[in-house]
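>>> test case, fold it:
(one chain, ligands or ions: 1)
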Amino acid sequence: MTTNQLISEIRKKNSFLCVGLDVDLEKIPAFFLKEEDPIFSFNKAIIDATHQFAVAYKPNTAFYEAYGIKGWKSLEKTINYLNENYPEIFTIADAKRGDIGNTSSRYAKAFFEDLGFDSITVAPYMGKDSIEPFLAFENKHTILLALTSNEGAYDFQTKKVGEQELYKQVLETSKQWKNSENLMYVVGATKAEYFTDIRKIIPDSFLLVPGIGAQGGNLRDVCKYGLNSNIGLLVNSSRGIIYASKNDDFAEAAAGEAKKIQFEMKAILDGVH
Ligand SMILES: O=c1ccn([C@@H]2O[C@H](COP(=O)(O)O)[C@@H](O)[C@H]2O)c(=O)[nH]1
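Numbers count the residues shown, from 1 in each chain. Below you'll find the predicted structure:
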């Protein structure tokens, strides 16, 4: 998917919501456990119930890898279901990969070609040659961890290396890489006070923003400092949506939660445009 297609979908739906598909068999309604592929069946129900309020879905691969080959199959079925039934949806493999170039090229092939995701999250620590194999894919997007939502972000990312904080160096340096128009960045919703500085360095880039809902980040604060003229944000909620109810009404509850966030997004967009 191109960035322009993503922007036009956001405008059409008045939504920049990303639903996180972080499926834990201990948290889904018990009746799914009798199904052949409980994870996929749960995802299918969540996607069907929420797709009109969302523009992106983000399975975090840890939740699939935890179940071995079966989990990987569930991931494959989920991405195929999205691509076949909702091709307008932007898909994110939250896999946080990155290795020497030769190995990164295999990760890129696995997620972009074999599984057919539109994007993947990647750690910047190993530098340019670890990221370029992802950037080489046309109309695919590499989402670099810049300033993460967790407490540990303060251990390294906000520390100064020389004159400048490490996360700022990640932004400044990576935006000069070849095909950097295919780069997006992860910035946590719990770090809203940093968005102004981030936008000074990368005014036009899309930001994937996890951390509203279960982690307590605030959508309005993120939008106040993070929105740009192309909206430029994908705001993720995982547990807050998919586990809105553990009962038979789980899909309606997830839809209700997604709708609530989309409604707030629309109000924010109406206010700024
Ligand atoms: O900085 C980061 C990077 C990634 N994540 C991931 O996003 C979701 C958030 O889930 P919630 O249930 O909405 O808290 C999850 O997959 C994280 O691994 C993040 O939270 N922060």
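
>>> kindly export stretch 200-212 (C-alpha atoms) in CSV.
In CSV, the C-alpha atoms belonging to stretch 200-212 read as follows (Å, rounded to 0.1, in the frame of the first residue of the first chain):
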residue,chain,number,x,y,z
LYS,A,200,10.6,19.4,14.3
ILE,A,201,12.9,16.7,13.0
ILE,A,202,10.4,14.6,11.0
PRO,A,203,7.4,16.8,10.2
ASP,A,204,6.0,14.7,7.4
SER,A,205,6.6,11.1,8.6
PHE,A,206,3.9,8.8,9.8
LEU,A,207,4.1,7.8,13.5
LEU,A,208,2.8,4.6,14.8
VAL,A,209,1.6,5.4,18.4
PRO,A,210,1.0,2.6,20.8
GLY,A,211,0.1,3.2,24.4
ILE,A,212,-3.5,4.6,24.6
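
>>> what residues sit buried inside that stretch?
201-202, 205-212 (16 or more other CB atoms under 10 Å). Backbone N, C-alpha and C define where each C-beta goes, glycine included.

>>> cool, and stretch 125-138?
130-137.

>>> what does the stretch 151-273 of the chain put close to the ligand?
186, 188, 210-211, 213-215, 236-240 (CB under 6 Å from any ligand atom).

>>> what subset of those residues is buried?
Here, 16+ other CB under 10 Å leaves 186, 188, 210-211, 213, 215, 236-238, 240 buried among these.

>>> from those, which one has the minimum pLDDT?
When these are sorted by pLDDT, the bottom entry is Gly213 at 87.

>>> would you list the phi and psi of the spatially closest residue to Phe117 that is not a sequence neighbour?
Among residues not flanking Phe117 along the chain, Ala93 sits closest, at 4.3 Å (CB to CB, 6 or more residues apart in numbering). In terms of degrees, to the nearest 10, the main-chain angles of Ala93 are phi -90, psi 110.

>>> quick check: beta-bridge partners of Ala93?
Legend: beta-bridge partners of Ala93 under DSSP bridges are Ile120.

>>> now do Leu183
With DSSP bridges as the rule, Leu183 is bridged to Thr142.

>>> can you count the residues close to the residue nearest to Phe117?
26 (other CB atoms under 10 Å).

>>> let's see which of the buried residues of stretch 125-138 end up in helices.
130-135 (DSSP state H).

>>> dump those residues into CSV; add distance to the ligand and pLDDT as well.
Formatted as CSV, these follow (distance: CB to the nearest ligand atom, whole Å; pLDDT from 0 to 100):
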residue, distance to the ligand, pLDDT
Ser130, 18, 98
Ile131, 17, 98
Glu132, 22, 97
Pro133, 21, 97
Phe134, 17, 98
Leu135, 20, 97
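
>>> leaving out chain neighbours, which residue sits closest to Asp204?
Closest to Asp204 by CB to CB, 6+ apart is Asn228, at 6.4 Å.
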